[in-house]
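S.K.: output the structure for:
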Amino acid sequence: MVSGSGVTTDLLASFKAEPADVVVVDCLLYRALADSVAAALPAVQLMHTLWSFNRANTRGAVGLVCRIRGVNAGRAIAGAGLTLVTTRPEFDSGNWGPGVEHTGFVWQGEPVAATPRDTPRVLVSFSTTSFPGQLEAMQNTIDGLAELDA
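M.R.: The predicted structure is shown next:
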């Protein structure tokens, strides 16, 4: 999917049928992003992870698979006129360059004041998909938290 042409086909057909002021493309749809920029569509990239992580991804195995399939993932993420990164810049690293804006976290609903608890809670989240070594990373995290009063 990251380098497939199906999303691009649908995107271009939709834009032709109903032109829009902006096309928002998920950061993992490298071909769709590259093709949107090539078609001179007003593309904005929505990056729902760290910019530095996604940039590193384009240089690793994901980038290699994309290149084999004819898409330069690094060039794709650099080609959007604007990239909205939904995290805080303090959590990110690297020189992300012009056109990259850290928006802060995406929050659905109205924020509520935290209620102090005697025993704090810990939320651990890795991803919506699995990755190599994820089970070990989860176990290491659980082991690391085991001694906490949480």
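S.K.: show me what contacts Thr58?
M.R.: Shown in contact with Thr58 (Cβ atoms under 8 Å, 6 or more residues apart in numbering): Tyr30, Cys66, Ala73, Gly74, Ala76, Ile77. No exception for glycine: its C-beta is placed from N, CA and C like everyone else's.
S.K.: most neighbours among those residues, which one?
M.R.: Tyr30 (31 neighbours; other Cβ atoms under 10 Å).
S.K.: need phi/psi at that residue.
M.R.: Dihedral pair for Tyr30: phi -60, psi -40, per degrees, to the nearest 10.
S.K.: pretty sure it sits against Val65.
M.R.: No - using Cβ atoms under 8 Å as the test, Tyr30 is too far from Val65 to be in contact (9.8 Å).
S.K.: excluding its backbone neighbours, what's nearest Gly99?
M.R.: Counting by Cβ to Cβ, 6 or more residues apart in numbering, Leu82 is the residue found nearest to Gly99 once chain neighbours are left out, at 5.3 Å.
S.K.: got the contact list for the residue in the chain sticking out farthest from the centre?
M.R.: Relative to the centre of the chain, and counting by Cα atoms, centre = their mean, the farthest-placed residue is Asp118 at 35.1 Å. If you count contacts by Cβ under 8 Å, 6+ apart, Asp118 has none.
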